[in-house]
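[1] got a sequence here, can you build the structure:
(chains A and B)
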There are 2 protein chains.
Amino acid sequence: MNRAEITLHPIGVIHSEHVVARQTPIQPVYAKGCRGWVELFPEYADGLHDLEGFSHIYLLFHFNQAGPVQLIVKPFLQDTARGVFSTRAPCRPNGIGLSIVELVGREGNVLLLEGVDILDGTPLLDIKPYTAKFDRIETSRNGWQDEVEEETAHRLGRREYKNGDRLA
Amino acid sequence: MNRAEITLHPIGVIHSEHVVARQTPIQPVYAKGCRGWVELFPEYADGLHDLEGFSHIYLLFHFNQAGPVQLIVKPFLQDTARGVFSTRAPCRPNGIGLSIVELVGREGNVLLLEGVDILDGTPLLDIKPYTAKFDRIETSRNGWQDEVEEETAHRLGRREYKNGDRLA
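    As a prediction, this is how the structure comes out:
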């Protein structure tokens, strides 16, 4: 059984308007209008060729501000304890985050993004193209997410605050 | 600029019928009928609660048999050099793989899967639920993938061989 540890090196940094974890949208679908950018470290810039052809990309990143690992968590959208692997919560083993964002443009080693739900300064681990024929799946069941009412999810998921109070 | 390295620990092992890299389907969409299973290490089993409610899940894993990192690669489906971040090729910085597979069932810390495009023995890093409202994106452009003819992609992408010859 291969339990050898794996060492990763950030390939860049994600920048956004989100500087407080509890005020950061929980998914890109709740982050419409939130701009951000990726600054890829220059030594990786060659790997960005042809990426502009895709309207959406995956960002894989490190939840470097997450708290201790919890195997049972209450997801943000529902007050019920769930196994962490059935949620997108940050406090997961290995702490890898996955967001699908819109790629607005590229300027050298900088990617301009829309729909960013990621904290400013987050270390970037990988970029992959989102491809409809691979990634747009016909699901038959969406687990506990099917129990969450859409309008509530959109209101809570954005996590906007004003003068310290949640806009709700 | 945060370049601190990140250490991950596998949370389990992915098992499949694929034992040779060059004969392994390149995406789940080309791996219909390919069964497999995840064996989660027992200490993480509590994190699997509620996962059965989802018909599809993301597996994040380590491309532990990939060759050296290449920033420019020829993707399997097209004979044109591309930036690695515009492809899903394994020879990428940090070597993290992402597959969306169908979750057929769970028996304790074992997940039964369908549509597995992953080499037998691959170290598992994370499991996330695939949720239609977060992950089923309306793309407007799919880059060079839009140039690949669908029937050719399905025939090549499965990478079936018989007596050493590709079935084509």
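[2] what residues are up against residue A:65?
    A:21, A:90, A:119, A:122 (C-beta atoms under 8 Å, 6 or more residues apart in numbering or on different chains). To be clear about C-beta, it is placed using only N, CA and C from the backbone, and glycine gets the same treatment.
[3] show the buried residues in those residues.
    For those, a burial check counting by 16 or more other C-beta atoms under 10 Å in any protein chain shown picks out A:90, A:119, A:122.
[4] could you tell me how far the second one is located from chain B?
    Which is residue A:119. Distance, residue A:119 to chain B, using C-beta to the nearest C-beta, to the nearest Å: 12 Å.
[5] quick revisit: out of the buried ones among the contacts of residue A:65, which sit inside helices?
    Counting by DSSP state H, no part of these is found in helices.
[6] tell me which of the residues you listed is nearest to residue B:73?
    residue A:122 (26.0 Å; C-beta to C-beta).
[7] got the buried ones among the contacts of residue A:65 as CSV, with distance to residue B:142 and pLDDT columns?
    Formatted as CSV, the buried ones among the contacts of residue A:65 follow (distance: C-beta to C-beta, whole Å; pLDDT from 0 to 100):
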residue, distance to residue B:142, pLDDT
A:90, 29, 96
A:119, 29, 95
A:122, 26, 97
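[8] ok so residue A:157 is a helix residue?
    Yes - assessed with DSSP: H, G, I helix; E, B strand; the rest coil, residue A:157 lies in a helix.
[9] pull the contacting residues for it.
    Contacts of residue A:157 (C-beta under 8 Å, 6+ apart): A:25-27, A:29-30, A:76-77.
[10] ok, now how distant is it from residue A:88?
    According to C-beta to C-beta, to the nearest Å, residue A:157 and residue A:88 sit 11 Å apart.
[11] and for those two, which residues touch both?
    Here residue A:157 and residue A:88 have A:26-27 as joint contacts, going by C-beta under 8 Å, 6+ apart.
[12] just give me the longest strand of chain A.
    Secondary structure of chain A read by DSSP state E shows that its longest strand is strand A:96-107.
[13] now the angle from that strand to strand B:96-107?
    Strand A:96-107 and strand B:96-107 are oriented at 150 degrees to each other (axes from the mean of the first three to the mean of the last three C-alpha atoms, to 10 degrees).
[14] all helices for chain A, in order.
    Using DSSP H, helices in chain A cover A:132-135, A:150-158.
[15] residue nearest the middle of chain A, spatially speaking?
    In chain A, the residue lying closest to the centroid (C-alpha atoms, centre = their mean) is residue A:99, at 3.2 Å.
[16] please name the bridge partners of that residue.
    Beta-bridge partners for residue A:99, by DSSP bridges, are residue A:59.
[17] show me the contacts for it.
    A:27-28, A:58-59, A:61, A:116-118.
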